[in-house]
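Q: Fold the following, please.
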Amino acid sequence: LNVIQHAAEISSKAILPMKAAAKIVTVFPKGCMATVSKTAALFAMDGTVLWTRLVDGTYPDYRRVIPHNESRVHVSKAEFVSAIKRAGAITLSKGGDEGSFINAKISIGASEIGVLARNSEGEEGTDVVAAERIEGDDVDIGFNGVFLGGSAESLDCDNIEIAYSDHMSPIVMSPIDSAL
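A: Numbering: from 1, shown residues only. Predicted coordinates for the structure are as follows:
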């Protein structure tokens with residue numbers, strides 16, 4: 001969005017609601033004039049005016065939110081997702097509800113990732129998938145199994161990189177292009 005600043009550089013920071021930001025882009029595809037106060041923003045061009053309240057608070061610094069992990073492992077997305085599903089299938093409740101398997105643990109080794117899924121009744125399922133550790137140590141990390149599989153499955157690629165620090169830190173899953 002090319003916002004034409006009317007008087008001077010805007011020195012304040014503002015968070016727009018997502019719907020408002022999307023609307024601004026469609027209503028003003030070639031840019032607009034913006035006025036920002038502490039609680040609201042006004043966008044105008046050629047007789048069209050759009051007003052929105054601002055999101056209260058400050059936007060988190062994304063560099064502090066996304067971890068910079070040194071340890072990395074590469075794995076086939078299809079094999080990883082299948083391993084999570086196979087391990088989780090054993091732990092499904094009697095009714096077959098996929099959301100019933102909650103706990104999943106991945107064990108990253110030098111040449112494989114082990115997947116352990118456990119439901120609230122204590123039933124467990126395990127599977128192993130080949131992987132290539134690029135750097136880092138062996139580690140066991142716990143997750144919500146449904147979220148872990150869904151996150152990996154949503155990546156549009158054949159292979160993924162899992163970057164990690166330790167068992168208590170978040171991971172970053174990224175698509176990679178190289179074949180294993």
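Q: how close does the residue of the chain most remote from its centre sit to residue 175?
A: Most distant from the centre of the chain: residue 47, at 39.5 Å, with distances by Cα atoms, centre = their mean. To residue 175, residue 47 is 44 Å away according to Cβ to Cβ, to the nearest Å. For the C-beta atoms, the positions are set from N, CA and C on the backbone; glycine is no exception.
Q: Just list the residues touching the residue nearest the centre of the chain, thanks.
A: Here the mean C-alpha position of the chain is nearest to the C-alpha of residue 151 (Cα atoms, centre = their mean), at a distance of 6.9 Å. The contact partners of residue 151, by Cβ atoms under 8 Å, 6 or more residues apart in numbering, come to residue 173.
Q: Helix, strand or coil: sort out it for me.
A: Residue 151 carries the three-state label helix when classified by DSSP: H, G, I helix; E, B strand; the rest coil.
Q: you'd agree residue 19 is in a strand?
A: No. The assignment for residue 19 (three-state DSSP) gives helix, which keeps it out of a strand.
Q: Pull the number of nearby residues for it.
A: Residue 19: 9 surrounding residues under other Cβ atoms under 10 Å.
Q: For this protein, which segments are assigned as strands?
A: Applying DSSP state E to the chain gives strands spanning 3-4, 32-36, 40-45, 48-53, 71-76, 101-108, 112-119, 124-135, 139-144, 159-164, 172-176.
Q: Low-confidence stretches in the protein?
A: Within the chain, the stretches with pLDDT under 70 are 1-12, 92-102, 178-180.
Q: what about the longest helix in it?
A: Counting by DSSP state H, the longest helix found in the chain is helix 77-90.
Q: Export that one to CSV, keeping only CA atoms.
A: Taking Å, rounded to 0.1, in the frame of the first residue of the first chain, the C-alpha atoms of helix 77-90 are listed here in CSV:
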residue,chain,number,x,y,z
LYS,A,77,7.2,-33.8,4.8
ALA,A,78,5.0,-36.7,3.6
GLU,A,79,6.9,-39.3,5.7
PHE,A,80,6.9,-37.1,8.8
VAL,A,81,3.1,-36.3,8.5
SER,A,82,2.4,-40.0,7.9
ALA,A,83,4.4,-41.0,10.9
ILE,A,84,2.5,-38.6,13.1
LYS,A,85,-0.8,-39.9,11.8
ARG,A,86,0.2,-43.6,12.2
ALA,A,87,1.4,-43.0,15.8
GLY,A,88,-1.8,-41.0,16.5
ALA,A,89,-4.1,-43.6,15.0
ILE,A,90,-3.4,-46.1,17.8
